[in-house]
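S.K.: structure, please.
(one chain, ligands or ions: 1)
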Amino acid sequence: MIPVSSLALILLFASSAAGSQGDRIRQYQLEADGGRMRLAMKEVAQPVPGESEVLVRVRAVALNRRDLSILQSRYGGGGDREGLVPLSDGAGEVIALGPGVTRFQLGDRVAGTFFERWVDGRRTAESNASARGGAIDGMLSEMVVSHEDGLVLIPDHLTFQEAATLPCAAVTAWNALFTHGRLQPNDFVLLEGTGGVSIFGLQFSSAARARPIITSSSDAKLATARELGAFGTANYRTNADWQDEVRSLTGDAGVAHVLEVGGEETLPKAVQALGFGGHIALIGGLSGSASALPIRSFIGLGASTTAIYVGSRADFEAMNDFISEHQLRPVIDRVFHFEEAPAAYEYMASESHLGKIVIEL
Ligand SMILES: NC(=O)c1ccc[n+]([C@@H]2O[C@H](COP(=O)([O-])OP(=O)(O)OC[C@H]3O[C@@H](n4cnc5c(N)ncnc54)[C@H](OP(=O)(O)O)[C@@H]3O)[C@@H](O)[C@H]2O)c1
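M.R.: You can find the predicted model right below:
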């Protein structure tokens with residue numbers, strides 16, 4: 001766990017925090033703070049949509065581990081630069097259309113895609129250069145302008161807060177399980193910890209009538225996970241050999257899917273929990289990045305692996321259809337006000353949450 005005391009988040013008000021006036025809006029930007037970054041609230045001119053662009057009044061945003069890593073200047077993919085508007089995830093309503101917009105109308109309820117420019121097919125260098133809250137400005141702003149290609153309609157049954165949680169963690173879990181994992185009913189699925197990606201993985205696999213097995217450092221969180229549909233649970237803090245417990249929950253067949261978010265500490269154990277023909281989605285490095293794959297084990301099992309980097313707009317839209325069909329609701333642990341954004345980051349660092357942390361605007 002990352003000590004909260006090391007965060008030193010400082011909220012700076014460049015102007016009054018009383019709210020936007022006229023054509024000014026409030027947003028957070030990153031500012032250098034020694035060897036890390038801090039959040040500074042700024043007042044800036046309201047953005048104006050250009051050709052094929054849409055102006056979105058942001059109603060809610062959500063945090064991912066990446067956002068914390070960027071603030072701590074520990075994210076390898078960049079993003080920790082002064083002036084960047086942070087956070088990849090947000091939802092809101094369309095309040096103005098630039099010339100030539102065809103995909104949206106005023107009043108539409110939308111969410112931004114993680115990559116503003118990855119519609120479908122293979123990821124490209126152009127897609128990579130459009131990662132929100134990293135390569136380009138993100139969503140922690142009262143209003144944002146986006147190319148119309150970088151937005152999706154949100155499911156009707158979801159609130160803005162719920163929809164704001166979808167662009168990164170949910171699309172990642174979807175892509176891992178369905179696009180690359182080809183999840184089938186009754187498949188055993190291993191989920192590591194009860195953070196954002198894992199809880200979406202739990203909800204999706206449970207809705208698909210697969211059998212999710214989830215680990216946590218907390219028995220209380222595991223009890224909640226069972227209420228959310230977990231087939232089995234294991235405490236990785238009290239049982240260092242949790243992979244044996246997972247295997248035994250599968251009747252020693254091993255799991256068919258792993259959403260590998262733990263990295264260095266978990267990957268070797270996840271491989272031990274894997275069954276023949278299983279698939280490991282390489283997603284994260286909560287305990288540090290894993291540096292080696294046990295090739296002999298993969299060959300022995302006929303296993304496969306895919307390195308996941310969120311997903312495309314097509315993945316997002318397919319996932320939204322599934323969410324609507326099953327009337328799924330994202331699990332929100334806690335909602336912070338816009339003015340409390342630094343506290344939301346601090347809360348994520350405490351790892352007290354289960355599921356998602358949201359900021360309302
Ligand atoms: N490749 C991609 O496209 C992509 C997309 C999204 C996220 N990620 C990565 O995936 C990881 C998870 O992201 P997230 O946003 O879901 O994180 P998160 O919400 O912050 O998850 C935190 C939780 O992970 C669990 N955890 C921490 N250390 C662990 C360990 N050593 N072993 C097992 N579980 C551990 C803890 O759960 P308990 O409290 O239950 O123990 C903790 O509360 C991060 O590394 C993130 O950067 C990658």
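
S.K.: quick check: closest non-adjacent residue to the spatially most central residue of the chain.
M.R.: Computing the C-alpha centroid of the chain and ranking residues by C-alpha atoms, centre = their mean puts A169 first, at 2.4 Å. Using C-beta to C-beta, 6 or more residues apart in numbering and skipping residues adjacent in sequence, the residue nearest A169 is G196, 3.6 Å away. For every residue, glycine as well, the C-beta is placed using N, CA and C.

S.K.: re earlier: for the residue nearest to the centre of the chain, give me the pLDDT.
M.R.: If you check A169, the pLDDT there is 98.

S.K.: from the ligand, how far out is it?
M.R.: Separation of A169 from the ligand (C-beta to the nearest ligand atom, to the nearest Å): 5 Å.

S.K.: make sure A96 is indeed in a strand.
M.R.: Yes - according to DSSP: H, G, I helix; E, B strand; the rest coil, A96 belongs to a strand.

S.K.: how far away is it from T238?
M.R.: Per C-beta to C-beta, to the nearest Å, A96 is found 54 Å from T238.

S.K.: does the residue nearest to the centre of the chain really touch L202, like I thought?
M.R.: No - with contacts counted by C-beta atoms under 8 Å, A169 stays clear of L202, the gap being 11.7 Å.

S.K.: identify the residues contacting the residue of the chain found nearest the ligand.
M.R.: Minimum separation of the chain from the ligand (C-beta to the nearest ligand atom) falls at G195, amounting to 1.9 Å. With contact taken as C-beta atoms under 8 Å, 6 or more residues apart in numbering, G195 is in contact with 65, 169, 261, 286, 351, 353-355.

S.K.: can you rerun that using 7 Å?
M.R.: The neighbours of G195, taking C-beta atoms under 7 Å, 6 or more residues apart in numbering as the test, are 65, 261.

S.K.: could you check how far it is from A307?
M.R.: When distances are taken as C-beta to C-beta, G195 and A307 turn out to be 19 Å apart.

S.K.: got it, and G34?
M.R.: Look at G34 and A307: by C-beta to C-beta, they are 32 Å apart.

S.K.: again with R132
M.R.: The spacing between R132 and A307, counted by C-beta to C-beta, is 20 Å.

S.K.: hmm, back to that, next one, pLDDT for the residue of the chain closest to the ligand please.
M.R.: Value for G195, per-residue pLDDT: 98.

S.K.: equivalent analysis for G34, please.
M.R.: 88.

S.K.: Q46 too?
M.R.: Per-residue pLDDT puts Q46 at 97.
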